[in-house]
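> Starting from these lines, generate the structure:
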Amino acid sequence: MSNSAEKEQRPPIVVVMGHVDHGKTTLLDYIRKTNTASREAGGITQAVGAYEIVRNGRRMTFIDTPGHEAFSAMRSRGAQAADLAILVVAAEEGVKPQTREAIKILEETKTPFVVAINKIDKTGGNIDKARNDLSAANVFLEGFGGQVSYQGISAKTGDGVDALLELILLAADMEDLSFDPSAPASGYILEARRDPRRGIEASMIVKNGTLRRGDAIRTHGAKGKVKILEDFLGAAATSLTPSAPAIVIGFEELPLIGEEFWTGEELPAKEGPQGRKGESGVIVRKAGSAAATGKELRLMLKASDAGSLEALTAVIGGVGEKDERGIAIVDRSVGDVTDGDVKSALATNSIIVAFKNRIEKGAQNLAEAQSVTIITSKIVYELADAVAELLAGKRGPQAAGKLELLAVFNTEKADKQLVGGRVVEGTIRPKMSFEIVRRTEQGDETVAGAGRVIGLRERKSEIFQAESGKEIGVLASANVTMQVGDMLVIKK
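Numbering: from 1, shown residues only. Coordinates of the predicted model:
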């Protein structure tokens, strides 16, 4: 084992935290001389990004964390992986809900931090409100009864940013950060996703040792080999040392975000309770559970990466808690929306909610053919609004036709059920998909299943459509046995 004399100075890992729209990403943009903020969907950061800069010949790594309330767990992981933090507070708005949450996380993780009071260009340099709000939140700045360093800045113009970076380097020197270059690499998983071409892709921060291409790598829940190693810019690398952000291809299973990783064949002893934690602390109502009543809006959640899936689950869970009908989460997974997802949605009578991912062409075609609804957006709160509207009945598939079943002739084969009924609304045509709405003993209506019209008959003749008022025979396939009294609801 290496001794302390063999250790080298480690660049600081700095997390940038604060309320949404207070300028965290704009600050990083100025530091990195890039323009990420304008490319963020909806103007908010929705993933943990890690970036490396050089300041006065010294490397510094910055972690940008989301400000929206849905991304609380991602902010917490960013703080756990960091050595220092910048708490960004807008001068004209002061302390807001996510500011308080960030302060709580920094206290819990015991992360040293400095305060950047941003947008002084908008207030003429007046930062009194921010200082007073911070004092009320028990953050006492230097010169105002405390020892927390602060700097007034304009992330937009760059005013004060140089002085802020000097404060960070000074704080890093006080922390005496070091690493052992000969030790096996270790660090934290920041993000994980399934790339359709490259496989499982993990974004990580190296905290100790040297990470090399070809290393065996593992967490307490996943293992693999570093087949591809890239730096934060996506350039191929043979090795990376702390505090470098890294992209690794080679895990056999999707590692959990926030997990610690190590290289080598053996894992160090794990402190505390054994077992792998779930992807989210959010409790979701699962379809088929005791809590599911059959009245819920049934959803399949898909996201581009594990962190986004966690945030989506939290947001949708919050929507469900506010509505007495509730939401049943049928499935959650990472990756693009495939035709397999559409088939599962059809079988479970679910709506697919997709966050920041791609819908494969085959899946899109199948969804259109089978009338499976896919709601997609790159902005998480737009998805929350869409689901809330679905619960309220303001959005989503409207009935194109309704058929009340008056007779059942042959239902022995699920894929060829022959029934008779009256068209009570709209128009019915072959190849249309439908939901089977059934009244329970309690008088409530519930969706009992789904199916598709194969053919229509009127008296003994085959017809190609039937309008409201007609009594017809229907040959259909369905995933449940149809009954007299059922309503077949055709969706647009």
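> what helix or strand is the residue nearest the centre of the chain on?
Nearest to the geometric centre of the chain sits Ser308, at 1.4 Å (Cα atoms, centre = their mean). Using DSSP states H and E, Ser308 maps to helix 306-321.
> Give me the three-state assignment for the nearest residue to Glu260 once chain neighbours are set aside.
Among residues not flanking Glu260 along the chain, Tyr188 sits closest, at 5.8 Å (Cβ to Cβ, 6 or more residues apart in numbering). Where you see a C-beta, it was placed from the backbone N, CA and C, and this is true even at glycine. For Tyr188, the assignment made with DSSP: H, G, I helix; E, B strand; the rest coil gives strand.
> burial measure for Tyr188, as a count.
Neighbours of Tyr188 under the rule other Cβ atoms under 10 Å: 22.
> before we move on, what about Gly326?
By other Cβ under 10 Å, 17 other residues sit near Gly326.
> thought it was touching Leu299?
No - proximity of Gly326 to Leu299 does not meet the contact threshold set by Cβ atoms under 8 Å, at 10.8 Å.
> re the thing from before, what sits against the residue nearest to Glu260?
Arg77, Gln80, Ala81, Met204, Ile205, Lys207, Gly258, Glu259, Glu260, Phe261 (Cβ atoms under 8 Å, 6 or more residues apart in numbering).
> The same query, at a cut-off of 7 Å, please.
Gln80, Ala81, Met204, Ile205, Lys207, Gly258, Glu260 (Cβ atoms under 7 Å, 6 or more residues apart in numbering).
> cool, Phe261 as well?
Residues in contact with Phe261, defined by Cβ under 7 Å, 6+ apart, are Ser186, Gly187, Ile189, Met204, Ile217, Arg218, Thr219, Pro255.
> pretty sure Thr123 contacts Glu93?
No - the pair Thr123 / Glu93 is not scored as a contact, 10.0 Å apart, by Cβ atoms under 7 Å.
> ok, for Asp331, nearest residue in space, not its chain neighbours?
Met300 (4.7 Å).
> whoops, I mixed them up, Glu458
Nearest one to Glu458, counting by Cβ to Cβ, 6+ apart, is Ile472 at 5.3 Å.
> Give me the secondary structure label for that neighbour.
Here Ile472 is recorded as strand under three-state DSSP.
> and it, how many neighbours?
Ile472 - counted by other Cβ under 10 Å - has 19 other residues nearby.
> For Arg100, what is the enclosing helix or strand?
Taking DSSP H and E as the definition, Arg100 sits inside helix 97-109.
> What is that helix packed up against?
If contacts are counted by 3 or more Cβ pairs under 7 Å, 6 or more residues apart in numbering; DSSP states H and E, helix 97-109 sits against strand 13-18, helix 72-81, strand 84-90.
> distance of Arg438 from Ala328?
Per Cβ to Cβ, to the nearest Å, Arg438 is found 17 Å from Ala328.
> Equivalent analysis for Phe251, please.
Separation of Phe251 from Ala328 (Cβ to Cβ) stands at 31 Å.
> Leaving out sequence neighbours, find the closest residue to Gly473.
Per Cβ to Cβ, 6+ apart, closest to Gly473 is Arg457, 4.1 Å.
> pretty sure that neighbour contacts Ala476?
No - the pair Arg457 and Ala476 does not pass the contact test of Cβ under 7 Å, sitting 11.8 Å apart.
> neighbour count winner among these two?
Neighbour count, other Cβ under 10 Å: between Arg457 and Ala476, Ala476 has more, with 25 against 15.
> Would you list the phi and psi of that one?
Ala476 adopts backbone torsions of phi -150, psi 160, taken as degrees, to the nearest 10.
> separation between it and Arg438?
Using Cβ to Cβ, Ala476 is found at 15 Å from Arg438.
> Next: Glu265.
Taking Cβ to Cβ as the measure, Glu265 falls 57 Å from Arg438.
> how about the helices of this protein, start to end?
24-32, 72-81, 97-109, 120-123, 128-136, 161-175, 306-321, 339-348, 361-370, 380-392 (DSSP state H).
> Give the burial count for Lys416, as a bare number.
Neighbour tally, Lys416, other Cβ under 10 Å: 14.
> Hmm, I typed the wrong one, I wanted Asp162.
13.
> what does the one 10 residues further on give?
Ala172 has 21 neighbouring residues, counting by other Cβ under 10 Å.
> swap in Ser239?
Considering only other Cβ under 10 Å, Ser239 is surrounded by 17 other residues.
> how about the nearest residue to Asp305 once chain neighbours are set aside, what does it touch?
Once flanking residues are discounted, Asp305 sits nearest to Arg193: 3.6 Å by Cβ to Cβ, 6+ apart. For Arg193, the contacting residues are Glu201, Ser304, Asp305, Ala306, Val334, by Cβ under 7 Å, 6+ apart.
> Quick check on those: which are buried?
Neighbour-count burial (16 or more other Cβ atoms under 10 Å) is assigned, among the contacts of Arg193, to Glu201, Ser304, Asp305, Ala306, Val334.
> Check the gap between the second one and Ala478 for me.
Taken as Cβ to Cβ, the spacing of Ser304 relative to Ala478 amounts to 34 Å.
> swap in the fourth one?
Distance of Ala306 to Ala478, given as Cβ to Cβ: 36 Å.
> So Met60 sits against Ile53, correct?
Yes - using Cβ under 7 Å, Met60 is in contact with Ile53, at 5.4 Å.
> Counting neighbours, go ahead and name the busier of the two.
Taking neighbours as other Cβ under 10 Å, Met60 and Ile53 compare with Met60 leading, 21 against 16.
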